[in-house]
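> give me the fold of what follows.
(one chain, ligands or ions: 1)
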Amino acid sequence: MTKFSDLKLDPKVLKAVEDAGYETPTPIQAGAIPPALEGRDVLGIAQTGTGKTASFTLPMISLLKRGRARARMPRSLVLAPTRELAAQVAENFDIYAQHTKLTKALLIGGVSFGEQDKLIDRGVDVLIATPGRLLDHFERGKLLLTGVQIMVVDEADRMLDMGFIPDIERIFQLTPFTRQTLFFSATMAPEIERITNTFLSNPEKIEVARAATTGENIKQGVLMFKPSRRDRAATEKRKILRGLIDAEGDACTNAIIFCNRKVDVDVVAKSLKKYGYNAEPIHGDLDQSQRMKTLAGFRDGSIRFLIASDVAARGLDIPTVSHVFNYDVPSHAEDYVHRIGRTGRAGRSGVAYMICAPIDEKNLADIERLVQSEIPRLDAPKGTPAPAAAEETTEEKPKRSRSRSRRKKDETPEESPAPEVAPEAEAEQGEEREPRRRSRGGRGRGGDRGGDRGGQTPQGLGDHLPDFIARSFADRSETPDPS
Ligand code: AMP
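Predicted coordinates:
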């Protein structure tokens, strides 16, 4: 078995790994670190939970050890799709680079440009950014990417989902042709394949098993939910959720409950709280400091249930989740894999239960096709409307039920009126992504776009800039004062 000491990492990095308590490299680390240290491009097909962050940060730190950063010219660049993921990569850097003098800056929306400018002006070794915010800095003339020696693209498949691929291509073109590229994606969609063929040079390809699809340590189940009456659907669904939670008893130490829409994240969180559950929502309409606070509470156990949307939860590193509840069947089958991958990590056992309403049956079929197995059907928990009762409803109106599950794409789903779904889904994507380019050449479009919503007032850290975001490795006392 490979040991960290076999990997030719810099001794200071090795020490940090030891301090972190890691004993052996994970498969993606054992596969990616040696070629990365040789200066080769790496294509890692791996998802969160496999140790992929360390698989690119450890060699990067080792390689960057020599040399000095010049003002406004970062020596390396890590691109991540969401603010949270970027902040998490930055936290990882803090840990692994603690014995070095490397400096970093984190460029994400919701934080003032001024603070970020100061860090860039000083010169940073490592720049960790979301694509939109990075391009904003570039367009403001505050940043040069011609000194980038190593570029990392993390969670490329999510970048694709969020419409970031054109931004990524542009960023690639702004960096030197001679750079080293470390590229990570959970899946290889054709568009991702195209990007890697264009921008990677003879990469070493490392693919690690998708634990979530094969993970025998995750107990999966789906409850086929048919409301007794349409106007009771939402109330009954929430009751089912409580029933599922209660049936797990103490085995459910904590859980992430996924909803497809932000509006449901709020409603479900509120409802659970009303019934005495220790629950908090997390989605993009909450400001950054609130999201960070909720996450910290969930990590330290003071919050038991995190109600989340896919975008908000994506990539978050929460090592010990006992349960995942899919309140809704995700509309992209891949999201199911990501969601349930939040539990059963690092060899622990986990439980992933889902509620499937009639209109979700097609999505359920897509998921089962993707994971190549049937998800076991669950009995309704005690005290909740039993599927049998619901079947009575179906029998009474068989045609309606059938026509619903065969509903054509453009017909309006009955439980989720289309006009509500579309703007929410759109908003959900829009809020997490950094502002899209509205005017490519555009400096001086009213200055700081600030937030994730174009011209709107930036939501964000404001005065609550967490330490780890702003500090540099070299001198933590240099943390700039938040404006
Ligand atoms: P990631 O896939 O990068 O999100 O990492 C998932 C989790 O695994 C994080 O909590 C890391 O701290 C942890 N981790 C990374 N590498 C190792 C390792 N070699 N041994 C044990 N834990 C690790």
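> Arg238 sits in which helix or strand?
Taking DSSP states H and E as the criterion, Arg238 maps to helix 233-248.
> that helix: which residues count as buried?
233, 236-245, 247-248 (16 or more other CB atoms under 10 Å). Yep, even glycine has a C-beta here, placed from its N, CA and C like the rest.
> for my notes, please list the residues you listed in CSV and give distance to Lys118 and pLDDT for each entry.
Putting those into CSV (distance: CB to CB, whole Å; pLDDT from 0 to 100) gives the following:
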residue, distance to Lys118, pLDDT
Ala233, 52, 90
Glu236, 54, 93
Lys237, 49, 94
Arg238, 47, 95
Lys239, 52, 94
Ile240, 51, 94
Leu241, 46, 96
Arg242, 49, 95
Gly243, 53, 94
Leu244, 49, 94
Ile245, 46, 95
Ala247, 53, 92
Glu248, 49, 92
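> the ligand next: which of those residues are close?
By CB under 6 Å from any ligand atom, no member of those lies near the ligand.
> now, which of those residues sits nearest the ligand?
Glu248 (24.0 Å; CB to the nearest ligand atom).
> strands along the stretch 251-400 of the chain, start to end?
255-258, 279-282, 305-308, 323-326, 350-356 (DSSP state E, counting those that start in this stretch).
> now the ones you listed in JSON lines, with mean neighbour count, distance to Asn363 and mean pLDDT?
Formatted as JSON lines, the strands of the stretch 251-400 of the chain follow (neighbours: other CB atoms under 10 Å; distance: least, CB to CB, whole Å; pLDDT from 0 to 100):
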{"stretch": "strand 255-258", "mean neighbour count": "27", "distance to Asn363": "13", "mean pLDDT": "95"}
{"stretch": "strand 279-282", "mean neighbour count": "24", "distance to Asn363": "23", "mean pLDDT": "94"}
{"stretch": "strand 305-308", "mean neighbour count": "28", "distance to Asn363": "18", "mean pLDDT": "94"}
{"stretch": "strand 323-326", "mean neighbour count": "25", "distance to Asn363": "10", "mean pLDDT": "95"}
{"stretch": "strand 350-356", "mean neighbour count": "24", "distance to Asn363": "8", "mean pLDDT": "94"}
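> between those strands, which one is nearest to Asp94?
With CB to CB as the measure, strand 279-282 is the member of the strands of the stretch 251-400 of the chain nearest Asp94 (22.4 Å).
> returning to what we had before: any chance of the strands of the stretch 251-400 of the chain in TSV, plus distance to Val111?
As requested, those are exported to TSV (distance: least, CB to CB, whole Å):
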stretch	distance to Val111
strand 255-258	26
strand 279-282	18
strand 305-308	22
strand 323-326	30
strand 350-356	34
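> need the nearest residue in space to Glu204, chain neighbours excluded.
Pro35 (3.8 Å; CB to CB, 6 or more residues apart in numbering).
> backbone phi and psi for that neighbour, please?
Main-chain dihedrals, Pro35, degrees, to the nearest 10: phi -60, psi -40.
> next: the one 5 residues further on.
Taking degrees, to the nearest 10, you get phi -80, psi 160 for the backbone angles of Arg40.
> number the residues from 19 up from this point.
Sounds good: first residue 19 from here, last item Arg58.
> my read: the residue nearest to Glu222 touches Val60, true?
Yes: when contacts are counted by CB atoms under 8 Å, Pro53 is listed as touching Val60 (5.6 Å).
> hang on, the earlier thing: contacting residues around the helix holding Arg256?
241, 243, 245-246, 270, 273, 275, 285-286, 289-290, 293, 295, 323, 341, 343, 345, 369, 371, 373, 375, 396, 398-403, 433 (CB atoms under 8 Å, 6 or more residues apart in numbering).
> how far off centre is that helix?
26 Å (CA atoms, centre = their mean, to the nearest Å).
> just stretch 94-109 next, same as before
From the chain centre to the centre of stretch 94-109 is a distance of 10 Å (CA atoms, centre = their mean).
> does it reach the ligand?
No: Stretch 94-109 is not in contact with the ligand by CB under 6 Å from any ligand atom; minimum separation 7.4 Å.
> what distance separates the start and the end of that stretch?
Counting by CA to CA, to the nearest Å, you get 16 Å between the two ends of stretch 94-109.
> what bridges to Ile146?
Counting by DSSP bridges, Ile146 forms beta bridges with Val96, Leu124.
> what do you get for Ile224?
Gly62.
> per-domain residue ranges of this protein.
22-225, 236-413 (automatic domain parsing).
> now the shortest one, how far from the centre of its chain.
With CA atoms, centre = their mean as the basis, the distance from the averaged C-alpha position of domain 236-413 to the chain average is 17 Å.
> which of the domains of the chain has the lowest mean pLDDT?
Least confident of these, judged by mean pLDDT, is domain 236-413 with a mean of 84.
> show me what from the protein comes close to the ligand.
Going by CB under 6 Å from any ligand atom, the residues of the chain near the ligand are 40, 43-44, 47, 66-72, 335, 337.
> and the buried ones among the residues you listed, selectable in PyMOL?
Buried subset of the residues of the chain next to the ligand, written as a PyMOL selection, criterion 16+ other CB under 10 Å:
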select buried, resi 43+44+47+66+67+68+69+70+71+72+335
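> among the residues of the chain next to the ligand, which are in helices?
Taking DSSP state H, the ones among the residues of the chain next to the ligand that sit in helices are Gln47, Lys70, Thr71, Ala72.
> pull the most distant pair out of these.
Between any two of those (CB to CB), the greatest distance is 9.7 Å, for Gln47 and Thr71.
> coming back round to it: could the ones in helices among the residues of the chain next to the ligand go into JSON lines alongside distance to Glu173?
What follows is those, written out as JSON lines (distance: CB to CB, whole Å):
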{"residue": "Gln47", "distance to Glu173": "17"}
{"residue": "Lys70", "distance to Glu173": "9"}
{"residue": "Thr71", "distance to Glu173": "10"}
{"residue": "Ala72", "distance to Glu173": "15"}
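> which of the residues you listed sits closest to the ligand?
Thr71 (3.1 Å).
> how about the nearest residue to the closest one once chain neighbours are set aside, secondary structure?
Sequence neighbours aside, Asn110 is the residue nearest to Thr71 in space, at 4.8 Å (criterion: CB to CB, 6+ apart). Look at Asn110: counting by DSSP: H, G, I helix; E, B strand; the rest coil, its state is helix.
> contact partners for Asn110?
Contacts of Asn110 by CB under 8 Å, 6+ apart are Thr71, Ala72, Thr75.
> make JSON lines out of those and add distance to Gln134.
Shown next, in JSON lines, are the contacts of Asn110 (distance: CB to CB, whole Å):
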{"residue": "Thr71", "distance to Gln134": "21"}
{"residue": "Ala72", "distance to Gln134": "25"}
{"residue": "Thr75", "distance to Gln134": "20"}
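> among the residues you listed, which one sits closest to Leu382?
Nearest to Leu382 among the contacts of Asn110, with distances taken as CB to CB, is Thr71, at 31.6 Å.
> quickly note the distance from that closest one to Glu254.
Distance of Thr71 to Glu254, given as CB to CB, to the nearest Å: 41 Å.
> do Asn344 as well
For Asn344, the distance to Glu254 equals 16 Å [CB to CB].
> quick revisit: need the overlap of contacts for Pro53 and Val60.
Common neighbours of Pro53 and Val60 (CB under 8 Å, 6+ apart) are Glu222.
> these two - which one has more neighbours?
Remark: of Pro53 and Val60, Val60 carries more neighbours, 26 against 19, as counted by other CB atoms under 10 Å.
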